[in-house]
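[1] Sequence first, then the predicted structure, then my questions.
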Amino acid sequence: MKFFADLHIHSKYSRATSSQMDLEGISEMAKLKGIKLMGTGDFTHPIWFATLKENISTIGNGLFMFNNIYFILTCEVSNIYVKNGKLRKIHNIIITPSLDSAEKVADFLSRYGKTESDGRPILSLDSDRMFERIMEIDERNYLIAAHVWTPWFSLFGSKSGFDSIEECFGEHSQKILALETGLSSDPEMNWMWSKIDNFTLVSNSDAHSPANIGREANCFDCEMDYDTITHVIKEGDTDKFLFTIEFFPEEGKYHFDGHRRCDISMHPNEAKSKENICPRCGRPLTIGVLHRVMELSDRDFGYKPEGKIPFKRVVPLIEIIASAVEHGKGTKTVERKYRELISRLGTEFEILLDVEYEDIKKVTDGSIADGILKVRKGEVEVKAGYDGVFGDVSILGSKEEKEQLELF
């Protein structure tokens, strides 16, 4: 069974998250995107967990069902603690196969933070100790290190992370299910560092609103059950884990180095030449993902180790439409055209990846079809994101450029 999965999202009980991130909103958007398996997110939050218990149906294989979408019990936690004399701020994703196990995990974690205050709770708990305990609760529980390169809250983050997996997780390092690349990096960047070759790379949306579900995802061809899926991920089985869906990493909001207050963005090489100091205010730059990858890497960009999961870069369909019709992503015009395309051609992933260009052109504006084709070919320009500012993707060029092209 071939299907897409997005294992890392948040419910409406997480901070800065849409009120539409409830089971109805999540499942309906998953259908539009073409995603069969969704993470629940936030199972540590008491109200969200009660909602899950009341509404999702257990299907007996570690997965659940709501509105014809499969769900897997997941949560993200923020571990903040001191280790080896340094303050660490690490985000981790926990995956569990049963409501009983989830409840026990939530009870344990509630001793170290206020799980009722945020769907992604802040815990004064060492990542290693937490991982050890959740494995004791249930040997089928797993941990994915979240968006591993993000500067402020991640395993390898420049601000508070570690220089190796072993430094963080010790003897439990090899038991980690996977590393999540995050929006500001992709597998090709991660392949530059040989020390993580033994770990599977996954990609998820970390969505805080329905529209962002599936902006990164995973494509599997295996049985739809908990043990099979976790085994395929752990082993990096390229026959059953087909590929990941990736942002263009430059679009992520921490790709380049920079200083948002001063509107300063720069490539790592330029930042190094300035000793990583903002040329306007004299304060340290926020060191981005590309810089950190280059700092730890021992290979050139473009190297691909054997046996690695392939990936496909996409731009969300709503962004392509917005660029083509020159309206904002949240406008009724863009939403209407998005829904029309889905109703006539299939799910978003089918349209972005599989539907023939000529078939797209028959049912919509030629500029939208052209935009989809350009993304497939990688013919886009991206102004890199930095210090919390998302990058900007240019698919069809500026209005002036389009007008010039129309003359020929």
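    Received it, and whenever you're ready, just let me know what you need.

[2] Mind listing what's buried along the longest helix along the chain?
    Secondary structure of the chain read by DSSP state H shows that its longest helix is helix 332-345. Buried residues in helix 332-345, counting neighbours by 16 or more other CB atoms under 10 Å, are found at V334, E335, K337, Y338, L341, I342, L345. For every residue, glycine as well, the C-beta is placed using N, CA and C.

[3] and if you look at stretch 256-268?
    Neighbour count says stretch 256-268 has F256, D257, G258, H259, I264, S265, M266, H267, P268 buried, by 16+ other CB under 10 Å.

[4] Could I get the buried residue list for the strand ranked longest in the chain?
    Ranked by residue count under DSSP state E, the longest strand found in the chain is strand 69-83. For strand 69-83, burial by neighbour count (16+ other CB under 10 Å) applies to 69-81.

[5] Just the CA trace of whichever helix or strand comes after it, in CSV.
    For strand 69-83, the succeeding helix or strand toward the C-terminus, using DSSP states H and E, is strand 86-96. What follows is strand 86-96, C-alpha atoms only, in CSV (Å, rounded to 0.1, in the frame of the first residue of the first chain):
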residue,chain,number,x,y,z
LYS,A,86,25.9,24.1,28.8
LEU,A,87,22.2,25.0,28.6
ARG,A,88,20.5,22.7,26.1
LYS,A,89,17.2,23.3,24.4
ILE,A,90,16.2,20.2,22.4
HIS,A,91,12.9,19.4,20.7
ASN,A,92,11.9,15.7,20.4
ILE,A,93,9.0,13.8,18.9
ILE,A,94,7.6,10.9,20.8
ILE,A,95,5.6,8.1,19.1
THR,A,96,3.6,5.5,20.9
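
[6] by contact count, what packs against strand 86-96?
    Using 3 or more CB pairs under 8 Å, 6 or more residues apart in numbering; DSSP states H and E as the contact test, the elements touching strand 86-96 are strand 69-83, helix 99-109, helix 127-137, strand 142-145.

[7] Compare those and give me the one nearest F153.
    The closest of those to F153 is strand 69-83. By CB to CB, the value is 6.2 Å.

[8] Let me know the angle separating the strand or helix carrying A322 from helix 332-345.
    A322 belongs to helix 317-325 when assigned by DSSP H and E. Per axes from the mean of the first three to the mean of the last three CA atoms, to 10 degrees, the angle that helix 317-325 makes with helix 332-345 is 120 degrees.

[9] quick one: helix 317-325 to chain centroid distance?
    Taking the mean of its C-alpha atoms, helix 317-325 sits 21 Å from the chain's own mean (CA atoms, centre = their mean, to the nearest Å).

[10] Stretch 63-76 now?
    In this view, stretch 63-76 has its centroid 17 Å away from the chain centroid, taken as CA atoms, centre = their mean.

[11] Straight-line length of that stretch, end to end?
    Start-to-end span of stretch 63-76 (CA to CA, to the nearest Å) is 18 Å.

[12] average model confidence for that stretch?
    The average pLDDT for stretch 63-76 rounds to 98.

[13] go on, stretch 292-310?
    The average pLDDT within stretch 292-310 is 95.

[14] what does stretch 3-14 give?
    The pLDDT scores in stretch 3-14 average 98.

[15] Could you work out the end-to-end span of that stretch for me?
    Terminal-residue distance, stretch 3-14 (CA to CA): 27 Å.

[16] what's the answer for stretch 343-362, then?
    End residues of stretch 343-362 are separated by 14 Å (CA to CA).

[17] Offset the numbering so it begins at 59, please.
    Got it, first residue is 59 now, which makes that one stretch 401-420.

[18] Can you tell me what sits against that stretch?
    62, 89-93, 272, 275, 303, 370, 372, 374-375, 399-400, 421-422, 426-427, 430-431, 433-434 (CB atoms under 8 Å, 6 or more residues apart in numbering).

[19] 10 Å - rerun?
    Residues outside stretch 401-420 that contact it (CB atoms under 10 Å, 6 or more residues apart in numbering): 62, 87-93, 271-272, 275, 277, 301, 303, 370, 372-376, 378, 396, 399-400, 421-422, 424-431, 433-434.

[20] so how far is that stretch off the chain centroid?
    Between the centre of stretch 401-420 and the centre of its chain there are 24 Å (CA atoms, centre = their mean).

[21] try stretch 267-281
    Offset of stretch 267-281 from its chain centre (CA atoms, centre = their mean): 9 Å.

[22] Go through that stretch and flag the buried ones.
    Result for stretch 267-281 [16+ other CB under 10 Å]: buried residues 267-278, 280.
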